[in-house]
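# The sequence isn't on hand, but the structure is:
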C-alpha cells in the first residue's frame, strides 16, 4: 500500500471489493490489526515490509519464471503527491 495514512477506510473498502489476497504494507507487525482489521479483511494475508526493500536472497536469484508462467503478479503505481 502507498499512503497508508490517507483515506484508509476507502482503501479497505477497495481491498474488499477487489478481493485482494496478499497485501504488503508499511506498518510494523504489532500495528497491523489496528489498521487492517481481520474482520474486515479475513481472507487477506498482510505482510509488513520496508518500501523499496528487496531481501538479499533475491538479489542473486539466477532463475526467474517467464511472465506467462507466473501465477502471482505484483504491481506498483506511483503518482504526484501534494507538498503537504
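Done, it's in. Everything quoted here is computed from the prediction, not taken from an experiment.

# Give the buried residues for stretch 45-61.
residue 46 (16 or more other CB atoms under 10 Å). Quick note: C-beta positions are derived from backbone N, CA and C, even for glycine.

# And for stretch 7-27?
11, 12, 15, 23, 25, 27.

# so who does the last one touch?
For residue 27, the contact set (CB atoms under 8 Å, 6 or more residues apart in numbering) comprises 4, 34, 35, 36, 48.

# pLDDT at the last one, what is it?
In the prediction, the pLDDT value recorded for residue 48 is 88.

# Could you do the fourth one as well?
With respect to pLDDT, residue 36 has a value of 91.

# List the contacts of it.
12, 23, 25, 27, 44, 46.

# The host helix or strand of the last one pairs with which strands?
Which is residue 46. Secondary structure from DSSP states H and E places residue 46 in strand 45-48. Strand 45-48 pairs in its sheet with strand 22-25 (parallel), by DSSP bridges.

# Any idea what the residue most central in space within the chain is bridged to?
By CA atoms, centre = their mean, the chain has its centre lying nearest to residue 24, at 2.6 Å. Beta-bridge pairing for residue 24 (DSSP bridges): residue 47.

# hang on, isn't it packed against residue 47?
Yes. With contact defined as CB atoms under 8 Å, residue 24 reaches residue 47; the gap is 5.3 Å.

# For the protein, just list every one of the helices.
8-18, 32-35, 56-59 (DSSP state H).

# of the buried residues of stretch 7-27, closest to residue 71?
residue 23 (17.3 Å; CB to CB).

# which residues touch that closest one?
1, 15, 36, 41, 44, 45, 46, 47.

# now the protein, which segments are flagged as low pLDDT?
1-2, 52-54, 61-63, 73-79, 81-84 (pLDDT under 70).

# neighbouring contacts of the strand holding residue 46?
21, 22, 23, 24, 25, 26, 27, 28, 29, 32, 36.

# In these, find the pair that's most separated.
Using CB to CB, the contacts of strand 45-48 span at most 21.7 Å, a distance reached by 21 and 28.

# hang on, the earlier thing: pipe the helices of the chain into JSON lines and attach distance to residue 69 per row.
Shown next, in JSON lines, are these (distance: least, CB to CB, whole Å):
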{"stretch": "helix 8-18", "distance to residue 69": "24"}
{"stretch": "helix 32-35", "distance to residue 69": "31"}
{"stretch": "helix 56-59", "distance to residue 69": "18"}
